[in-house]
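Engineer: Got a sequence here, can you build the structure:
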Amino acid sequence: MVAVSKEKTIGIYVPSYKRSGTIITDHLLNSCTYVVRKSEEELYKAAGVRKVLAVDDELICSMSKVRQWIIDQTPEDIVIQLDDDISQIMYRLEDQTVIEDKDVIDMEFIRIAQILEDLHLGFAALTVTAKPWSYTQEFQFAGLCGGIYWFDKEWYKAKMDEKADVKEDTDKVLQELLHNRIIIIPKYLAMTAGIDTNEGGDNVNKNMRKIIECNEYMRLKWGRYYEFDERKNTPKIAVKR
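Structural biologist: Now for the predicted structure:
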């Protein structure tokens, strides 16, 4: 736990499910807490995870539920959530530079948290791609994101929508754009992570039928602000900022 200011504290959490055999993110950071189902607690401890927070299985039985549980039940004012398959964090401008120093990663995490607090905003996240040619500006204020998320509890207004299910990341972005007008996407930072390819995690819940159902629900809920490219299997947030 660290302080973003005299009044606010930060906690770093990693939701994880069925990945005790491939611990990655824990080695990347100075400190973080893995949030796992009680039925898997001993597996993660045996795998060498330094901090494990075990929760009754039924309370965190989906990605949307575990993310909301962390926001609702942890003691810190600002929580940072990382996916459990992140192997690198890097600076991404015209090219990429991997951040090797864990203290520098901490510094960047605190920097983004401080920006949220200063602007009275609730949500920040990285983009899902680390491609250098996708860099356009230091910060973006709407768009798709994933992998690493910041939640300032005082200002965060999105609520878990179980019907959004596998599209819950996109749904929370749209909710925050509706209530707080902008989100913060620090495009100068990027990460290397698995995207719907690693075993375990939320991939257990993802299949084509569920994806189709969630896309239809998102279209009904958000109308012209949500688009989905069936050919590329990619969503789009059609909100300009």
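Engineer: Surely Leu43 and Ser20 touch.
Structural biologist: Yes - counting by C-beta atoms under 8 Å, Leu43 touches Ser20, with 3.9 Å between them. (C-beta placed from N, C-alpha, C; glycine too.)
Engineer: Looking at these two now, which is surrounded by more residues?
Structural biologist: Remark: of Leu43 and Ser20, Ser20 carries more neighbours, 22 against 16, as counted by other C-beta atoms under 10 Å.
Engineer: Give the rounded mean pLDDT of stretch 187-196.
Structural biologist: Per-region confidence: stretch 187-196 scores 83 on mean pLDDT.
Engineer: Name the residues that touch it?
Structural biologist: Contact with stretch 187-196 is made by 83, 85-93, 96, 108, 112, 126-130, 134-140, 146-148, 203, 206, as judged by C-beta atoms under 8 Å, 6 or more residues apart in numbering.
Engineer: Of these, which belong to helices?
Structural biologist: Here DSSP state H is the test, and the contacts of stretch 187-196 give 108, 112 as lying in helices.
Engineer: buried subset of the contacts of stretch 187-196?
Structural biologist: 83, 85-86, 89-90, 92, 108, 112, 126-130, 135, 140, 146-148, 203 (16 or more other C-beta atoms under 10 Å).
Engineer: all strands for the protein, in order.
Structural biologist: Taking DSSP state E to define them, one finds strands in the chain at 2-3, 9-15, 33-37, 52-55, 78-82, 86-92, 96-98, 123-125, 139-140, 148-152, 185-186, 189-193, 226-229, 234-237.
Engineer: So in that sheet, which strands flank the last one, and in what orientation?
Structural biologist: In the sheet containing strand 234-237, its partner strands are strand 226-229 (antiparallel), by DSSP bridges.
Engineer: Please point out which parts of the partner strand sit buried.
Structural biologist: 226, 228.
Engineer: pretty sure Ile90 is touching Glu100, no?
Structural biologist: Check again: residue 90 is Met, not Ile. No - under the criterion of C-beta under 8 Å, Met90 is not in contact with Glu100, lying 9.8 Å apart.
Engineer: Now Asn30. Nearest residue, chain neighbours left out?
Structural biologist: Ranked by C-beta to C-beta, 6 or more residues apart in numbering and with sequence neighbours excluded, the top spatial neighbour of Asn30 is Lys102, at 4.6 Å.
Engineer: and the one you found, what is it in contact with?
Structural biologist: Contact analysis of Lys102 by C-beta under 8 Å, 6+ apart lists 28-30.
Engineer: Quick one, grab the pLDDT at Ile148.
Structural biologist: For Ile148, pLDDT reads 97.
Engineer: which ones are touching it?
Structural biologist: Per C-beta under 8 Å, 6+ apart, neighbours of Ile148: 80-83, 86, 89, 125-126, 189, 191.
Engineer: Export those residues as TSV, with columns for distance to Val66.
Structural biologist: Output for those, formatted as TSV (distance: C-beta to C-beta, whole Å):
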residue	distance to Val66
Ile80	14
Gln81	9
Leu82	13
Asp83	11
Ile86	16
Ile89	22
Ala125	16
Leu126	19
Leu189	23
Met191	19
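Engineer: from the residues you listed, which is closest to Leu178?
Structural biologist: Distance to Leu178, by C-beta to C-beta, is smallest for Ala125 among these, at 16.3 Å.
Engineer: Test of understanding: give the bridge partners of that closest one.
Structural biologist: Here Ala125, judged by DSSP bridges, has bridge partners Tyr149.
Engineer: Next up, the contacts around it.
Structural biologist: When contacts are taken as C-beta under 8 Å, 6+ apart, Ala125 is in contact with 145-150, 169, 173, 183-185.
Engineer: try Ala142
Structural biologist: 173, 177, 182-183, 185, 237, 239-241.
Engineer: same thing with Leu59?
Structural biologist: 65, 69.
Engineer: how far away is it from Lys38?
Structural biologist: 9 Å (C-beta to C-beta, to the nearest Å).
Engineer: Much appreciated, bye for now.
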